[in-house]
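Peer 1: Give me coordinates for this.
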Amino acid sequence: MRSVKRALISVYDKKGIIELAKFLKSLNAGLISTGGTGKALKDAGIEYKEVSELTGFPEIMDGRVKTLHPLIHGGILGRRDLETHREQMRQNKIEPIDLVVINLYPFEAVTAKEDVRFDDAIENIDIGGPAMIRAAAKNYSDVLVVVDIGQYEKVISHLKDNDGGSTLEFRFEMAKEAFKRTAGYDSKISEFLASIGNPRVNKIERAEKKSFGPLIHFEAEKVMDLRYGENPHQLAALYREAGFTGASLAMTVPLQGKELSFNNICDFESAWRLAWEFEKPCCAVIKHGNPCGVGLAENVLDAFAKAKATDPVSAFGGVIAFNREVDGAAAAEITAMFVEGVIAPSFSPEALELFAKKKNVRLLACGKPLFSGKETDIKKIVGGMLVQSLDTSLLEKSALKCVTKRTPTDDEMKALMFAWTVAKYVKSNAIVYAVADRTIGVGAGQMSRVDSAKIGIMKGKEAGLEIKGSVLASDAFFPFRDSIDAAAEAGVNAVIEPGGSIHDSEVITAADEHNIAMLFTGMRHFRH
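Peer 2: Numbers count the residues shown, from 1 in each chain. Okay, the predicted model is just below:
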């Protein structure tokens, strides 16, 4: 146990610091502070000692040099259990510092501004703060370190419970948080500087991002251990990306159900994002990473019925997502079958009551995903990682190019846009047969595109659905006319695909021969 007899407080963000300082004074702790923080304490009538008064040396160079002094760092780093340290502290009149409260210059916030100047970025690199944080964290056996406003309440509670002292275990946990903060801070500085060209040009040009920088920093904190990974012999955990504030599965606490596994979350993520691609009430059923049915309707019950009907066999044991609240009527239908879980923005009391009878069904409440356009998608490989921008793009009708003699009807156009959106979430090679408000058949993950086309037809027929009169979406171009011939034989009226094959003319000719309308998107949606 270490009592707090002397505390150093130097914070950029003054929020909550007066309350913490008053509490420390109630423990009869002596306070040391720097210019800006000291003024805030003085204005609040709290007695403290200026760092410059302690060191006998003024703050200089616009505050760049103020705490980098042996009387400060010696007080933090001196080990109380070593006689040599205690003797040197006595000889040099260094008094121990038991608590260090620091928050850093807002480098991340400053450099996030579109109009940031290089000089402003550099001036917001904190030097003394990280040095004191690291010193205190290194000497956690004697010193308690606090680096975040959100920790103040926890620190006050701990000190109250321990008669003004802190335990070794608590100081160690706070030290780990401190090193995590300085590591993230330094990484952000390094990442920013690596992206800058000429330091002589003060105005930083924010050109459209053409490539990723030479250094990537990714910080995340553990949310929970998962039941297992892709297979039971693999460990797995869920982490939350630091600083992310939007709707996310990583922020969502399950309402009920069995422990989540790696595969569960992958399926929940795909289903959730797909359902929210549509404005109308939507239901998306995902099984092993692929949509096995998607439906649109005026209510969630009918949307679920359409989605399930595409492939009722695969829907068994799947994950179901909605972009509207799940009501009692939909819950009654869902609970009549076996499902791994349901995700929706909310659940009515009647729905929750029905699901409570199925205790193993996982329920997650999560709102609409909002993308800034700066999100990255990361895949680990042995000894490295692959990084890409997240595929959040959807096609505007104005970008479509009709390449056949026949143009799609209005109903066909609605169906084509629906099918194209669903195809974005199907593993490549991806083929989706659909009408305007529901999938008819899905062919996924085949090595040959024509095989995916045939599987989609087969799945539709197995479900008793009519392929004739539907449309087809392909996530990439058709390399040969064979897929068009197969689709025509099944009765497909229109096709949407990226185009770009050296055999495009052959494929277009096939479509014209079958009186099929075909649109080129100029965009593909491979999903691996």
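Peer 1: helices or strands up against whichever helix or strand Val450 is part of?
Peer 2: Using DSSP states H and E, Val450 sits within helix 449-462. Under the contact criterion of 3 or more CB pairs under 8 Å, 6 or more residues apart in numbering; DSSP states H and E, helix 449-462 touches strand 431-435, strand 438-443, strand 471-474, helix 482-490. No exception for glycine: its C-beta is placed from N, CA and C like everyone else's.
Peer 1: angle of the second one against helix 482-490?
Peer 2: It refers to strand 438-443. Strand 438-443 runs at 130 degrees relative to helix 482-490, counting by axes from the mean of the first three to the mean of the last three CA atoms, to 10 degrees.
Peer 1: Extract the CA atoms of stretch 127-137 and return them as PDB.
Peer 2: Only the C-alpha atoms of stretch 127-137 are listed here, as PDB (Å, rounded to 0.1, in the frame of the first residue of the first chain):
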ATOM      1  CA  ILE A 127       7.200  15.700 -24.700                       C
ATOM      2  CA  GLY A 128       7.100  16.200 -20.900                       C
ATOM      3  CA  GLY A 129       3.800  14.500 -20.500                       C
ATOM      4  CA  PRO A 130       4.700  11.100 -22.000                       C
ATOM      5  CA  ALA A 131       8.100  11.300 -20.200                       C
ATOM      6  CA  MET A 132       6.400  11.700 -16.800                       C
ATOM      7  CA  ILE A 133       3.700   9.100 -17.600                       C
ATOM      8  CA  ARG A 134       6.300   6.500 -18.600                       C
ATOM      9  CA  ALA A 135       8.400   7.300 -15.500                       C
ATOM     10  CA  ALA A 136       5.500   6.900 -13.200                       C
ATOM     11  CA  ALA A 137       4.300   3.700 -14.900                       C
END
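Peer 1: Could you check how far it is from the centre of its chain?
Peer 2: Taking the mean of its C-alpha atoms, stretch 127-137 sits 29 Å from the chain's own mean (CA atoms, centre = their mean, to the nearest Å).
Peer 1: May I see the buried residues of the helix holding Val450?
Peer 2: In terms of neighbour count (16 or more other CB atoms under 10 Å), helix 449-462 has its buried residues at 449-457, 459-460.
Peer 1: One more: stretch 106-115?
Peer 2: In stretch 106-115, counting by 16+ other CB under 10 Å, buried: 107, 110-111.
Peer 1: Export those as a markdown table, with columns for pLDDT, distance to Arg86 and secondary structure.
Peer 2: Listed next are these as a markdown table, based on pLDDT from 0 to 100; distance: CB to CB, whole Å; DSSP: H, G, I helix; E, B strand; the rest coil:
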| residue | pLDDT | distance to Arg86 | secondary structure |
| --- | --- | --- | --- |
| Phe107 | 91 | 37 | helix |
| Val110 | 90 | 42 | helix |
| Thr111 | 86 | 43 | helix |
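Peer 1: Quick check: which ranges of the stretch 151-300 of the chain have low pLDDT?
Peer 2: 197-211, 213, 215 (pLDDT under 70).
Peer 1: Would you mind confirming that Ala330 is in contact with Ala297?
Peer 2: No. Applying CB atoms under 8 Å, one finds Ala330 not in contact with Ala297, separated by 10.5 Å.
Peer 1: what sits against the closest residue to Ile343 other than its chain neighbours?
Peer 2: Closest residue in space to Ile343, ignoring its immediate chain neighbours: Leu364 at 4.3 Å, by CB to CB, 6 or more residues apart in numbering. For Leu364, the contacting residues are 249, 252, 254-255, 268, 341-344, by CB atoms under 8 Å, 6 or more residues apart in numbering.
Peer 1: so which of these is the most crowded?
Peer 2: Each of the contacts of Leu364 was scored for neighbours by other CB atoms under 10 Å, and Val342 scores highest at 29 neighbours.
Peer 1: Checking my notes, that one in a strand, right?
Peer 2: Yes. When classified by DSSP: H, G, I helix; E, B strand; the rest coil, Val342 is found to be part of a strand.
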